[in-house]
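K.L.:
sequence and predicted structure are below.
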Amino acid sequence: MIVVTGATGQLGRRIVEQLLRRMSPDRIAATTRAPGKADALARAGVSVRHGDFAKTDTLRTAFADATQVLIVSSNAERIGQDPVTQHRAAIEAAKAAGARRVVYTSHMGASSTSQFRPMHAHARTEALLRDAGIAWTSLRNGFYAETVPAMLGDAVTTGVLRAPVDGKVAWTTHDDLAAAAAVVLAKPGRFDGPTQPLTGSEALDLADVASMLSVLHGRPIRRQVVADEAFAAGMQADGVPAAVIEITLGMYRAARAGEFAETDATLATLLGSAPNALSAVLAV
């Protein structure tokens, strides 16, 4: 039994759907904090179970009969909670359930010294996996391409893409990363420990994005650099929580330091085709 956590989230749901293309539904279990939102998966024959990283007692039953557990990383840090504590609970529950391997959705920038704070949690979780006494795979995912539209603000309307200094990022889609995760789960042992970066085939900055938008919309869209302090002040004025502001600015600092710029062919190899381009995401 392959158990996938976070199965109603953007990545987890897609992973379950990709697994259904590769194996019978009776080999798949999907855990979620809100089982009622997973009716489509239940109708497809997937075992839908209640599992909440913050309620460890739910994990014991959620992971029953697991041979592999796919832990979709928690975003608890955005609401002031500790994702590593949640990941530790999931790892311990997977081991107690008798799972032979834990697969974890990490990040290409995982590092204890990253300027983007969520990368510290990925690095600490990988350390927990190394010490857990169980086989493990860490999917070093590229930065989600689907976050780019949210970074644009009113650029399409105003013709100006305003943001702090950034850097090249190997943007990667949820669909491609989900397909890669399903391949790894379907062939356990193909990767031990961290994978190579699972990225798109090109690294782009916001100036490149502005050029893409200009082509897509048939009119010029200009990239304008904004000081970090001014950008933070604007977010604060919009009521954005301080923790989210700091995480957002950290992403820009890390990008300008080149932490997300590496591209690698491993994702394309797993997919058997070229990854989706960022332009396709922006065109939707």
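P.N.:
Noted; the coordinates are in hand. Numbering: from 1, shown residues only.
K.L.:
so what's the backbone phi/psi at the nearest residue to residue 242 once chain neighbours are set aside?
P.N.:
Once flanking residues are discounted, residue 242 sits nearest to residue 236: 7.6 Å by CB to CB, 6 or more residues apart in numbering. C-beta here means a position set from N, CA and C on the backbone, and glycine is covered the same way. Dihedral pair for residue 236: phi -60, psi -40, per degrees, to the nearest 10.
K.L.:
residue 104 too?
P.N.:
Residue 104 has phi and psi values of phi -130, psi 140 when expressed as degrees, to the nearest 10.
K.L.:
in which helix or strand does the closest residue to residue 254 other than its chain neighbours reside?
P.N.:
Leaving aside its sequence neighbours, residue 254 sits nearest to residue 116 (CB to CB, 6+ apart; 3.8 Å). Assigned by DSSP states H and E, residue 116 belongs to neither a helix nor a strand.
K.L.:
and if you look at residue 232?
P.N.:
Using DSSP H and E, residue 232 sits in helix 228-237.
K.L.:
one step back: hang on, isn't the residue nearest to residue 242 packed against residue 243?
P.N.:
No. Counting by CB atoms under 8 Å, residue 236 does not reach residue 243; the two are 12.0 Å apart.
K.L.:
other SSEs contacting the host helix or strand of residue 105?
P.N.:
Using DSSP H and E, residue 105 sits in strand 101-107. Contact analysis of strand 101-107 by 3 or more CB pairs under 8 Å, 6 or more residues apart in numbering; DSSP states H and E lists strand 68-71, helix 83-96, helix 118-130, strand 135-141, helix 174-186 as its packing neighbours.
K.L.:
who's in contact with it?
P.N.:
The contact list for strand 101-107 (CB atoms under 8 Å, 6 or more residues apart in numbering) reads 11, 67-73, 87, 91, 94-95, 118-119, 122, 125-126, 129, 132, 134-141, 143, 177, 181, 184-185, 188-189, 194.
K.L.:
just the buried residues of those.
P.N.:
When the contacts of strand 101-107 are checked for burial by 16 or more other CB atoms under 10 Å, the buried set is 11, 68-73, 87, 91, 94-95, 118-119, 122, 125-126, 129, 134-141, 143, 177, 181, 184-185, 188, 194.
K.L.:
how long is stretch 211-223 end to end?
P.N.:
Using CA to CA, to the nearest Å, one end of stretch 211-223 lies 9 Å from the other.
K.L.:
tell me the mean pLDDT for it?
P.N.:
Averaged across stretch 211-223, pLDDT comes to 96.
K.L.:
what is the burial count for residue 207?
P.N.:
A count of neighbours around residue 207, defined by other CB atoms under 10 Å, yields 14.
K.L.:
which ones are touching it?
P.N.:
Contacts for residue 207 (CB under 8 Å, 6+ apart) come out as residue 223.
K.L.:
the residue in the chain sticking out farthest from the centre: what's it in contact with?
P.N.:
No residue in the chain sits farther from the centre than residue 219, which is 32.3 Å out by CA atoms, centre = their mean. By CB under 8 Å, 6+ apart, the contact set of residue 219 is residue 159.
K.L.:
that one and residue 208: what is the separation?
P.N.:
Remark: distance between residue 219 and residue 208 (CB to CB, to the nearest Å) = 17 Å.
K.L.:
let me have the helices and strands packed on strand 101-107 in CSV, extended by mean pLDDT and distance to residue 161.
P.N.:
As requested, those are exported to CSV (pLDDT from 0 to 100; distance: least, CB to CB, whole Å):
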stretch, mean pLDDT, distance to residue 161
strand 68-71, 98, 35
helix 83-96, 96, 30
helix 118-130, 97, 24
strand 135-141, 98, 25
helix 174-186, 97, 23
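K.L.:
could you report the neighbour count for the nearest residue to residue 62 once chain neighbours are set aside?
P.N.:
In space, and not counting its chain neighbours, residue 62 is closest to residue 51: 3.2 Å by CB to CB, 6+ apart. A total of 27 residues lie near residue 51 under the criterion other CB under 10 Å.
K.L.:
read off the pLDDT value for residue 51.
P.N.:
Predicted confidence (pLDDT) for residue 51: 95.
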